[in-house]
Every structure is written in structure tokens, then in C-alpha cells.
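Undergrad: 3D model of this:
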Amino acid sequence: MKLTILGSGTNLHPTRAAAGYLLQTDNLMLLDFGPRTLSNLLKTDVNHHHITHILFSHFHADHFSDFITFFFDAVIYAKHQGGVRPDLTIIGPRETKKLMRAIMTSFPSFSPPPFGVTFKEVGDRRFTIGDTTVTPRTMTHVPDLHAVGYRIDYRGQAVAYSGDTQYCDNVVRLCADADVGVLDCSWPANKPGPAHLHARDCGRVASEAGLGRLVLSHFYPIAERYDVKGQAGEIFKGPIVMARDRLAVKF
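TA: The predicted structure follows:
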């Protein structure tokens with residue numbers, strides 16, 4: 001399993017792309033697809049036309065908007081450039097089907113696509129993609145929006161991705177004994193903000209879950225003005241990594 005961080009910032013972060021992660025198991029998949037992550041995807045050695053699954057944690061624009069450009073390119077590639085790409089499965093929380101069907105019918109040239117597209121809504125029930133096991137869990141982010149985190153298990157290794165969340169029992173359960181946990185570190189502990197974890201929360205989750213390695217990501221600019229790694233390390237004594245765009249995390 002290999003995880004590549006395509007974006008470690010937020011919506012209009014001055015130096016980082018927004019949320020997006022490339023995961024390679026026996027399938028090629030993306031976890032979220034925020035603005036500027038597509039540009040970083042194109043700089044990897046992965047052919048983006050081979051991506052078969054996109055898993056969205058929720059549909060705030062900083063986790064979603066580059067999907068529009070990606071999908072339009074896929075249609076043009078397959079319809080007018082002689083390209084062949086595999087079918088695409090789009091996975092997400094409640095309202096995924098409603099939103100995606102609206103996009104497909106509203107954006108010019110999106111429908112019908114020249115390849116199969118399947119929409120799947122998930123709750124807190126695990127499923128498989130080939131030999132990969134995916135366990136979604138509902139996160140506590142903002143009211144009236146269903147947000148999920150994902151745990152991916154493959155060949156005895158596990159990575160947990162919180163998406164956006166506040167501290168809650170489910171994020172600890174999601175990360176339990178995982179090799180790597182990628183957590184929402186939007187705020188420094190001394191300047192906490194709404195709807196997201198702060199650095200000390202991340203350390204608490206990692207410690208309670210028994211994470212092998214903690215990756216701090218999804219930084220608002222204010223987070224980088226303080227020692228968020230040190231703040232997380234006040235509680236979690238294992239290895240801590242500050243995410244950066246295009247960082248590859250190997251297992």
C-alpha cells in the first residue's frame with residue numbers, strides 16, 4: 001500500500017493544495033479531490049486515467065472541486081481522444097447520489113459519459129474493493145452535513161483518514177491500531193477553531209487509538225504559525241509527520 005498526499009492545506013491556502021490523497025492498493029483510488037490536487041496528481045508517476053474509485057469524505061468545496069475538471073477531462077479523453085479508461089465508482093456519504101446526478105445532468109457534455117459510472121452512498125458499514133477493505137465511519141464535523149472518515153485495510157496494513165472532524169469516539173475507533181492515521185489538524189491547540197480538530201486533539205486521538213504513525217494534515221494557515229507537531233507530541237509519543245504536498249507515505 002502507498003499513500004501520496006496530493007493536498008495538505010485548505011481551500012485557498014497560499015502554499016498548499018486542499019484536501020486530496022492518492023492511495024494505491026490492488027486498486028487505484030482517491031480520498032477527496034480538493035482544489036489544486038489535480039495538478040499534483042499529474043506530477044506523480046500514476047496515470048490518472050487508471051483511477052477507478054473516488055471516495056469523498058463530504059462535499060465542502062475544499063474536498064471536492066477538482067473532481068469537476070477531472071471528470072470533464074476523462075470524458076474528453078474517452079470520447080474524442082481515443083482513450084480507454086476503466087469504469088469509475090464514486091463513493092461518499094448521504095446525498096452523494098443526489099449531488100452527482102445533478103452534476104451529471106447540469107454540466108455540459110458530462111452525460112452520458114463514455115464509460116461506466118456508479119454512485120455509492122455509505123454509512124458505518126464496511127465494504128470491499130477487490131482485496132481492499134474499506135470501513136467508513138460517521139464523523140462529527142458541522143450540523144446538517146453527513147461527513148465520514150475512511151479506514152483502508154490491505155494485506156495486513158491499515159491507513160485511517162479522518163476527513164474533517166471534531167474530536168469524537170468514531171475518529172478514535174476509525175484509527176484503532178492503524179499503521180498510519182491522517183488527521184485533520186486545522187488549528188493549533190492554543191488557537192482552536194470550530195468544526196475541526198486542533199493539534200492536541202490529534203495527539204489525543206493518536207494516543208487513544210494506538211496509532212503507529214500520526215500524519216498531521218489539512219492545515220489552515222494559522223496552524224503553521226505554531227508548533228503543531230510539538231503540541232500533538234505532548235500527548236502522542238509515537239512518530240509524527242507534518243504532511244506536505246506530494247509526500248509519499250510507504251508502508
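
Undergrad: what's in contact with the longest helix anywhere in the chain?
TA: Ranked by residue count under DSSP state H, the longest helix found in the chain is helix 66-80. Residues from elsewhere that reach helix 66-80, judged by CB atoms under 8 Å, 6 or more residues apart in numbering: 20, 33-38, 48-49, 54, 83-85, 88, 103, 107, 109-110, 113-115. Any C-beta I mention is one placed from the backbone N, CA and C, and that applies to glycine too.

Undergrad: can you tell me which of these are in strands?
TA: Cross-referencing the contacts of helix 66-80 against strands under DSSP state E gives Gly20, Phe33, Ile54, Leu88.

Undergrad: those residues, buried ones only, as a ChimeraX selection?
TA: Only the buried entries of the ones in strands among the contacts of helix 66-80 go into this ChimeraX selection, using 16 or more other CB atoms under 10 Å:
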select :20,33,54,88
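
Undergrad: on that earlier part again, mark which of the contacts of helix 66-80 are part of helices, please.
TA: When DSSP H defines the helices, the subset of these inside them is Thr37, Leu38, Ile103.

Undergrad: what about the second one, how many residues close to it?
TA: Meaning Leu38. When neighbours are defined as other CB atoms under 10 Å, Leu38 has 22 of them.

Undergrad: what residue lies at the spatial centre of this protein?
TA: For the chain, the residue sitting closest to the mean C-alpha position, by CA atoms, centre = their mean, is Leu31 at 3.3 Å.

Undergrad: how about that residue: what's its closest non-neighbour residue?
TA: Excluding the flanking residues, the one nearest Leu31 by CB to CB, 6 or more residues apart in numbering is Tyr21, at 4.2 Å.

Undergrad: any idea what that neighbour is bridged to?
TA: For Tyr21, the beta-bridge partners under DSSP bridges are Ile5, Leu31.

Undergrad: that one and Ala102, how far apart?
TA: The gap separating Tyr21 from Ala102 is 25 Å, by CB to CB, to the nearest Å.

Undergrad: which of those two has more residues huddled nearby?
TA: Neighbour count, other CB under 10 Å: between Tyr21 and Ala102, Tyr21 has more, with 25 against 10.

Undergrad: wait, that one touches Thr4, no?
TA: Yes: between Tyr21 and Thr4 there is a contact under CB atoms under 8 Å: 7.0 Å.

Undergrad: helices of the stretch 101-250 of the chain, start to end?
TA: Residue ranges of the helices in the stretch 101-250 of the chain, as given by DSSP state H, counting those that start in this stretch, are 169-175, 199-209, 228-233.

Undergrad: and these, which is most packed in?
TA: Neighbour counts (mean count of other CB atoms under 10 Å) averaged over each of the helices of the stretch 101-250 of the chain peak at helix 199-209, with a mean of 25.

Undergrad: who does that one touch, helix- and strand-wise?
TA: If you count contacts as 3 or more CB pairs under 8 Å, 6 or more residues apart in numbering; DSSP states H and E, helix 199-209 packs onto helix 169-175, strand 180-184, strand 213-217, helix 228-233.

Undergrad: go through the ones in strands among the contacts of helix 66-80 and say which is closest to Ser186.
TA: Sorting those by distance to Ser186 puts Gly20 at the head of the list, at 15.7 Å, by CB to CB.

Undergrad: gap between that closest one and Leu42?
TA: 12 Å.
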